[in-house]
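Undergrad: sharing a model that was predicted from the sequence below.
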Amino acid sequence: MALALVLVLVVVGSVLFHLFSPWWWTPIASNWDYIDHTLVITFWITGFVFSAVVLFMAYCVWRFRHREGQTAHYEPESRRLEWWLTVATALGVTAMLAPGLYVWSQFISVPKDATEVEVVAQQWQWNYRLPGADGKLGRSNSRLVSSDNPLGVDPSDPNGQDDVIVEAADLHLPIGKPIHVLLRSIDVLHDFYVPEFRARMDMVPGSVTYFWFTPTRTGTFDVLCAELCGTGHTYMRGAVTVDTQEDYQAWLQEQSTFAQLSTPEKVGALTPDADRTGP
Ligand SMILES: [Cu+2]
């Protein structure tokens with residue numbers, strides 16, 4: 001009897017813990033509320049099944065408790081029960097998988113008007129590259145990586161000359177514009193993760209992975225590496241700031257292009273007549 005009661009309390013306690021838990025997602029800052037919905041659906045299904053199974057166990061412990069003179073029936077098979085359980089399980093698994101597949105197809109279907117932003121990971125820092133005035137990122141190759149060319153931008157590609165290079169510093173993005181995130185690594189596996197964006201993706205040396213999102217809220221958010229990448233993994237932190245359009249432009253003006261970094265005397269002026277000194 002006590003055991004049945006404990007099982008019931010486990011269910012009640014788990015549900016209450018879920019409802020009153022202080023741990024929940026950080027407030028969302030992107031268009032991916034679909035991802036939150038899929039998690040809620042999974043919570044409902046797994047929560048329902050967990051409660052049903054444990055309550056059924058409690059019921060059995062109570063209903064079929066030891067009684068003098070009572071013996072168990074031997075019933076190795078029940079076709080009806082097997083069918084019923086197979087169909088119910090298949091429906092439950094489908095209900096958990098289908099929303100995820102739907103979200104995934106959206107996650108990798110980049111809108112045509114999205115701006116490309118490249119994230120380049122290395123042990124143990126985050127670098128970024130934004131297309132310059134031409135709106136195009138130049139070719140890159142990790143064989144070209146050097147101290148003067150930390151992201152391995154191909155100097156022979158004219159599209160790359162005006163690319164904005166952000167090395168080991170914070171990324172800024174304008175609010176409300178879709179961003180096509182291209183992910184590269186120049187050494188080992190990393191994973192670009194900003195919890196508020198509800199988006200992350202592994203970065204695989206030798207290939208370019210991608211996803212897209214639209215920032216929906218201004219603020220500064222942590223960038224985490226979500227793939228164990230060596231002894232400095234836990235320190236591989238960064239920040240991305242979502243700005244209003246004006247703040248974003250102001251930040252952009254202070255960044256250096258690939259051409260400027262290659263010819264150090266010109267560093268610091270995106271526009272030739274900018275009335276400022278370089279970083
Ligand atoms: Cu990493």
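TA: Yep, it's here.

Undergrad: how about the residues of the protein near the ion?
TA: By Cβ under 5 Å from the ion, the residues of the chain that approach the ion are 190, 225, 229, 236. The way it works is simple: take the backbone N, C-alpha and C, and place the C-beta from them, glycine included.

Undergrad: can you pick the most crowded of the residues you listed?
TA: His190 (30 neighbours; other Cβ atoms under 10 Å).

Undergrad: and the strands in the stretch 101-250 of the chain?
TA: Counting by DSSP state E, counting those that start in this stretch, the stretch 101-250 of the chain has strands at residues 115-122, 125-130, 164-166, 171-174, 179-185, 190-194, 199-203, 209-213, 219-225, 237-243.

Undergrad: which one of these lies closest to Asp148?
TA: The closest of the strands of the stretch 101-250 of the chain to Asp148 is strand 164-166. By Cβ to Cβ, the value is 10.9 Å.

Undergrad: who's in contact with that closest one?
TA: 127-132, 150-151, 153, 252, 255-258, 261, 270 (Cβ atoms under 8 Å, 6 or more residues apart in numbering).

Undergrad: quick one: least confident of the residues you listed?
TA: Across the contacts of strand 164-166, the smallest pLDDT goes to Leu270, namely 49.

Undergrad: residues in contact with Val181?
TA: Residues in contact with Val181 (Cβ under 8 Å, 6+ apart) are 117-119, 192, 199, 201, 210-213.

Undergrad: repeat the analysis, applying 6 Å as the threshold.
TA: 117, 211 (Cβ atoms under 6 Å, 6 or more residues apart in numbering).

Undergrad: in the stretch 51-200 of the chain, what residue comes closest to the ion?
TA: His190 (3.5 Å; Cβ to the ion).

Undergrad: poorly predicted segments of the stretch 151-279 of the chain, please.
TA: Flagging of the stretch 151-279 of the chain using pLDDT under 70 yields the residue ranges 264-279.

Undergrad: again, 90 this time
TA: Counting by pLDDT under 90, the stretch 151-279 of the chain contains low-confidence ranges at 151-170, 186-187, 199-200, 205-206, 230, 248-279.

Undergrad: and the helices in the stretch 1-150 of the chain?
TA: 2-20, 33-63, 79-107 (DSSP state H, counting those that start in this stretch).

Undergrad: let's have these in JSON lines, adding mean neighbour count.
TA: JSON lines is the format used below for those (neighbours: other Cβ atoms under 10 Å):
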{"stretch": "helix 2-20", "mean neighbour count": "12"}
{"stretch": "helix 33-63", "mean neighbour count": "14"}
{"stretch": "helix 79-107", "mean neighbour count": "12"}
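
Undergrad: one step back: now do the contacts for the residue nearest to the residue of the stretch 51-200 of the chain closest to the ion when sequence neighbours are not counted.
TA: Leaving aside its sequence neighbours, His190 sits nearest to Ala121 (Cβ to Cβ, 6 or more residues apart in numbering; 3.6 Å). Ala121 makes contacts with 185, 190, 203, as judged by Cβ under 6 Å, 6+ apart.

Undergrad: now Cys225
TA: 190, 233, 236.

Undergrad: what about Phe192, how many neighbours?
TA: 27.

Undergrad: OK, contacts around it?
TA: 119, 183.

Undergrad: quick check: bridge partners of it?
TA: Met201, Cys225 (DSSP bridges).

Undergrad: give me the distance between it and Ile28.
TA: According to Cβ to Cβ, to the nearest Å, Phe192 stands 17 Å off from Ile28.

Undergrad: also Phe197?
TA: Distance from Phe197 to Ile28, by Cβ to Cβ: 8 Å.
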